[in-house]
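**Q** Sequence and predicted structure, then a few things I'm wondering about:
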Amino acid sequence: MYGKGIMRGLSVTLKHFFQTYVDDLRYGWRKYSPKEDNFEMRQGMAAQGAFTVQYPDEKLAVPERFRFVPFLVVNEDDHPEAPGKDWCTSCGICAKVCPPQCIWIVRSEDPNTGRPIPEPEAFFIDIDICMNCGFCAEFCPFDAIKMDHDYELASYDRTTSHIHDKDHLSKPTSYWNRIAPTRAAEEAEARGGWEHIDVIKERKKAEKAAAKAAKK
Amino acid sequence: MTDQVLPEKVETTDVDSAIAYLKDKFPSAVSDDTRDGYSGVIVDKNKLVDVARAIRDELGYNYLSSATAVDYHTLGEPDSDMEMVYHAYPITGGGALVFKAQTPRDNPEIPSLVNVWPGADFQEREAYDLMGIRFPGHPNLKRILMWEGFLGHPLRKDWKEAYYEEDHKPFSSRWPSGNVWRAEEKNAYGKNVRYPDDFDLSRLNDVSEESLYEGLGLGVDVQAIEGTMHTDRLVVNMGPHHPSTHGVFRMVITLDGETIDTLEPVMGYLHRNHEKIGERNTYLHNMPFTDRLDYLSSMGNNLGYALAVEQLMALGPRWNPPSYRAEVIRVLMAELTRIVNHLWSIGFLLNDLGAFFTPMLYANNEREKILDFFEGVAGSRLMCNYVRFGGVFQDIPERIHSVQNMVNDRVRDFDSMKFLTELVSERLPRFLDEYEYYLSENEIIKARCINVGVLPPDEAVGYSAAGPLLRGSGIPYDVRRADPYSIYPELDFDIPVGERGDIYDRYTVRIREMRESLRILRQLLPRLEATKGESVAGTNAHTPRVPVGESYGRVENPKGELGFYVVSAGDAKGTQNPWRYHVRAPSFINLTPLGRMSHKQKVADVVTVLGSIDIVLGETDR
Ligand code: SF4
Ligand code: SF4
C-alpha cells in the first residue's frame, strides 16, 4: 500500500513523543532533586526519549579527564612550610609542547648571580589561543599544570581579560585533588606522596642521610 | 569524462614487478627513487601521462588515491626541487605504487593527469594554488582554496604568513623570557594581507554580477532555449551562507529551466592553511590539529596521522610498536567514531530532504551516549586528541564519573565497561532497527533518493571517490580490507555495497556499515577484557626522533579514505618538524564528482546529493 512507509515512520515519532513522558512520569519530581541518582538514570543506557538538561539551572558535571584551559597548581595558603608556593619549576616543557604556543613563561633569576631559579617569575596563558589539547598537563614532569573543569569563561572584552597571568591561573592543590580525585591519587602514588616531587625527594635524601648517620 | 573501463582488464601485479615492468617499458623515463627512506619511482615529466596510463590500464593500479606537491626548496637540486607525488592503488586491494614527477621550482610545470584520472582535478588545482605548479592540459586551472588575487603560493617553503614568527615551533620567545604579547599588537588589523602589485583593490567592493561569477566560466545572460517551451538559463548562487551546504560552501549553478546544467563548487572559506601550520609544528603538535579537520571523527583523524608518523618512526632505532591493548582501543574508538559520523550524516541527509530535525534528533540522542564515552576517556567530546605515537593517551578509566565543581552541577557515575557493553550490544542495535523501520521504507525518501545523483562505478573509481560514496556505487573498496592496518585483519566484518550508486544506496551503505561497526565492536569487548592491565602508553618523548623519509598513512575514516603524506627531512635541531605534511581529505576529493552527479537534476536534489556525499568543511578547506 502506498503510504505505508510514511505511516510506519509516524508511528515511531508518536512512540518517541510518548516515551519522553513515560520517563518524566516515572521519575516525576524526583528529577529535580539533586540528591537522587535519577539524573544519571535519565542519561544512562535504559533512558527512553529525549531528555534536556536545563542549563544553567542544571549543569552536567564533567568527567575527571575533561580538559579545559589549564591552571597552575600551588600549595595551600595554610601550608606549614611554603604557603602558596608554585609547583611549577619553570622548566619550559609545557611551553615547548604547546601546539599553538600560547604559554609564556618568564623564568626567575637570582638577582646577584644571574643564575636561573626553578620558579616562574611570570606565567601567561592566552586562552583565546589555547586549544585545550591537554599536552601541557600531560608532559609537565612536576604535576604543576593541570586541565581545569571550569568552562564558563565568557567575557565582554577579549583584549583585556583573555590573557591569564599567574595570579589568575594559580589554584591550590586541594582544588585539583577535588576535581580529579582518581588521577590526583595516581599521581601522588607515582611521586611517593601528596607533596611536590622535589619536597619528597629532599625528604627521602634527608631520611637516607639520617639513616646513614644513625648507622655510624 | 574518463576513458577508463571497469572491471579491470588486467591482473594486478605486485608493486615490485609493476616497477620492473615500468622500467622495462619506459627505460629512459622511469627510475627508482633512491633517496633514503623513499620508495616508488621517479618519472620523467614529459612522459608522465603515458606512464600514468600504463599504470592504470596495464598494471591495474587504477585508483589514484592522492596527488600532492612537495617543495624541496634548499634541499633538492635546483632543476628538480619541486615534486608531484602520486599514490595509485589497485581497486581490488593491495599496496601503493608511488610515482613522482619533478620540476624546477622557478618555473614549475607538470602535465596534468586529469585525462587519466579525473580525480586529479581538484588535487592539481590545489597544488597550483598552494605551490604554484602549472598543469598544462588541465581544463580549469585556477585557485581553489585561496581567492583570485592572492599574492603568492602559501605552501612554498619561503612563503611567510602575516603573523610569521619563526620557521619552526617551539618559538624562542615563549621561554625563558616569555613576556606575553598578542599577535595583533605587532601586526595591526588591516595590514596582514598583501596584494599583488597589479591588483585593483576596488574590485573587492564590486558586487556586480559579473565580478561575483568572474572566473567561473558562466555567463549571466538570459538565453532562450529552442523547443516548445521557452525556458530561461539562469545562474543560481547557493551559499556560502546557506543552511543546506553544511557549512561555508558555495555552489554556483547554471539552470536550464528547472534542470541543472553545470555546477561549480567554490570552497576555501574555512581555509586556514592547515598544512603550513603542520609544517611549522613539531610532530606531536599536529595531533590536536588533526582533530580540527573532520571534527565529527577526530578519533579517526588522530589514528591516520599516528599511522603515518609511526611508519617513519619504525625506521629508526628504539621504536616500540603499540601494545595489543592500545590497538584494540584504537579500533574501538575508530569504529565508535564511524557510528557517530554516520548517525550525524544520515540525520542531516534527512534534514536536507526536509524532514526537519526529528530524525536528526533521534540519531543525536544516541550519538550523545558515544560522546559521553569519549569525554570520559579522552577528555573531550569532539576534539579528542586521544591517539599518541605508539599508543594512546590513557587507558579506559574504570568509571566514567564526574565530580561536582560548579553551581548546579549534576553528577553521573557509570561503570565504563558496562556502559560500553550495553551501548554496543543493546542500545545501538535496538536503535538501528528502529531507525531503519522508521526511515528505510518511507515513500518520500525513496522517491527523492532512488536514481537521484547517480555515480556509476567506473566513474566513482576514476574520480577517486572514497568511503560510502565509492561503496554506494558498488565498489567494495575499504582500506580496512584493501590495505589493512592495526588489528583489522583478525576481525570479522563485511563491506556493504550499493547497486545503483544513487543517494539511497549511500544511505543504506551507511546504515549497514554501522551494523558492521557494531559487529566489530562486539568482537572487541572480549579482547578488552582479556588485555586488561596491559600498558597502552605511547612514546613518552614530546619531541620524538623521526628518521628521514616519506610515509603515507591511510585509514578508512567514516567519510572515506583519509591519508596523511608526511616527509621528514631533518633540520638543524634534529628532525623535529615535518618537512611536508599533507592531508588527503576525503571530504575534499569526494566533491570532485559533485558537478557530474548534479547534472540534469533539480535544484532541490543538489542539496540531497551534497548531503549524501557527507562533507565537513573543516576537512574540505583545511
Ligand atoms: S612543564 Fe610544568 S614545571 Fe615545566 S614550566 Fe610548565 S608548568 Fe612549569
Ligand atoms: S591545553 Fe594545549 S593549547 Fe592549551 S596551554 Fe596546554 S598545551 Fe597549550
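**A** Ah, there it is. Ligands and ions are numbered 1, 2, ... in the order given.

**Q** B:Lys157: what's it in contact with?
**A** Residues counted as contacts of B:Lys157 (C-beta atoms under 8 Å, 6 or more residues apart in numbering or on different chains) are B:Asp71, B:His73, B:Thr74. For the C-beta atoms, the positions are set from N, CA and C on the backbone; glycine is no exception.

**Q** How is chain B partitioned into domains?
**A** B:15-131, B:274-621 (automatic domain parsing).

**Q** Which stretch among these approaches ligand 2 most closely?
**A** Among the domains of chain B, the nearest to ligand 2 by C-beta to the nearest ligand atom is domain B:274-621 (6.9 Å).

**Q** so for that closest one, what's the average pLDDT?
**A** For domain B:274-621, mean pLDDT is 88.

**Q** buried set for the longest strand along chain A?
**A** Assignment by DSSP state E gives strand A:116-126 as the longest strand of chain A. The neighbour-count check on strand A:116-126 (16 or more other C-beta atoms under 10 Å in any protein chain shown) flags A:Pro120, A:Glu121, A:Ala122, A:Phe123, A:Phe124, A:Ile125, A:Asp126 as buried.

**Q** Does chain B have contacts with that strand?
**A** Yes. Against chain B, strand A:116-126 shows contacts by C-beta under 8 Å from any C-beta of the partner chain at A:Pro116, A:Ala122, A:Phe124, A:Asp126.

**Q** Out of the residues you listed, the closest to chain B would be?
**A** Lowest distance from chain B to those (C-beta to the nearest C-beta) belongs to A:Phe124, with 4.1 Å.

**Q** show me the contacts for residue 97.
**A** Unless you meant another one, I'm taking chain A. A:Phe135, A:Cys136, A:Glu138, A:Phe139, B:Pro170, B:Leu284, B:His285, B:His542.

**Q** Can you look at chain B instead?
**A** B:Leu97 neighbours (C-beta under 8 Å, 6+ apart): B:Val15, B:Ala18, B:Ile19, B:Gly40, B:Ile55, B:Leu59, B:Tyr61, B:His87, B:Ala88, B:Tyr89.

**Q** and the gap between the closest residue to the fifth one other than its chain neighbours and ligand 1?
**A** What it means is B:Ile55. Of all residues not flanking B:Ile55 in the chain, B:Tyr61 sits nearest, at 4.9 Å (C-beta to C-beta, 6 or more residues apart in numbering or on different chains). Separation of B:Tyr61 from ligand 1 (C-beta to the nearest ligand atom, to the nearest Å): 48 Å.

**Q** B:Tyr61 and B:Pro90 touch, don't they?
**A** Yes. Counting by C-beta atoms under 8 Å, B:Tyr61 does reach B:Pro90; the two are 5.4 Å apart.

**Q** Would you mind telling me which of those two has more residues around it?
**A** Between B:Tyr61 and B:Pro90, B:Tyr61 has the larger neighbour count (other C-beta atoms under 10 Å in any protein chain shown), namely 29 against 25.

**Q** Relative to chain A, how far out is that one?
**A** 36 Å (C-beta to the nearest C-beta, to the nearest Å).

**Q** Next, give phi and psi for that residue.
**A** phi -90, psi 80 (degrees, to the nearest 10).

**Q** and if you look at B:Ser551?
**A** The phi/psi pair for B:Ser551 (degrees, to the nearest 10) is phi -150, psi 150.

**Q** what's the neighbour count on it?
**A** 22.

**Q** ok, now which ones touch it?
**A** B:Ser551 touches B:Ala308, B:Val309, B:Gln311, B:Leu312, B:Tyr565, B:Val566, counting by C-beta under 8 Å, 6+ apart.

**Q** now, which of the contacts of B:Leu97 sits nearest B:Gly553?
**A** Proximity of the contacts of B:Leu97 to B:Gly553 (C-beta to C-beta) peaks at B:His87, which lies at 11.2 Å.

**Q** Quick one: name the residues of chain A near ligand 2.
**A** Contact residues (C-beta under 6 Å from any ligand atom) of chain A with ligand 2: A:70, A:97-100, A:102-103, A:125, A:130-136.

**Q** one step back: which one of the contacts of A:Val97 has the most neighbours?
**A** B:His285 (26 neighbours).

**Q** Helix or strand: which one has the closest residue to that residue other than its chain neighbours?
**A** Closest residue in space to B:His285, ignoring its immediate chain neighbours: A:Pro99 at 3.9 Å, by C-beta to C-beta, 6+ apart. If you go by DSSP states H and E, A:Pro99 is not part of any helix or strand.

**Q** ok, A:Pro99 to B:Asn281 distance?
**A** 6 Å (C-beta to C-beta, to the nearest Å).

**Q** residues shared between the contacts of those two?
**A** The contact sets of A:Pro99 and B:Asn281 overlap at B:Lys169, B:Phe289 (C-beta under 8 Å, 6+ apart).

**Q** I'd like to know which elements the lowest-mean-pLDDT helix or strand in chain A is packed against.
**A** Ranking every helix and strand in chain A by mean pLDDT, DSSP states H and E puts helix A:38-43 at the bottom, with a mean of 73. On a contact count with 3 or more C-beta pairs under 8 Å, 6 or more residues apart in numbering or on different chains; DSSP states H and E, helix A:38-43 meets helix A:4-27.

**Q** And the helix it packs on, what's buried?
**A** So, applying 16+ other C-beta under 10 Å, buried residues of helix A:4-27: A:Gly5, A:Gly9, A:Val12, A:His16, A:Asp23, A:Tyr27.

**Q** and of those, the nearest to ligand 1?
**A** A:Tyr27 (44.3 Å).

**Q** List the contacts of A:Glu109.
**A** A:Arg115, A:Pro116, A:Ile117, A:Glu121.

**Q** 6 Å instead?
**A** Counting by C-beta atoms under 6 Å, 6 or more residues apart in numbering or on different chains, A:Glu109 makes contact with A:Pro116.

**Q** Let me see the backbone angles for it.
**A** Dihedral angles (degrees, to the nearest 10) for A:Glu109: phi -130, psi 150.

**Q** For B:Asn205, give its distance to ligand 2.
**A** Taking C-beta to the nearest ligand atom, one finds B:Asn205 at 38 Å from ligand 2.

**Q** Just give the number of residues close to that residue.
**A** A count of nearby residues for B:Asn205, using other C-beta under 10 Å, gives 7.

**Q** Who does the most centrally placed residue in chain A form a beta bridge with?
**A** Geometric centre of chain A, nearest residue: A:Asp148, 3.0 Å, by C-alpha atoms, centre = their mean. When bridges are called by DSSP bridges, A:Asp148 pairs up with A:Phe68.

**Q** count of neighbours near A:Thr52?
**A** By the measure other C-beta under 10 Å, the count of residues near A:Thr52 is 7.

**Q** Which other helices and strands does the helix ranked longest in chain B contact?
**A** The single longest helix within chain B, with elements called by DSSP state H, is helix B:324-353. Counting contacts by 3 or more C-beta pairs under 6 Å, 6 or more residues apart in numbering or on different chains; DSSP states H and E, helix B:324-353 packs against helix B:298-313, helix B:358-378, strand B:391-392, helix B:503-530, helix B:603-613.
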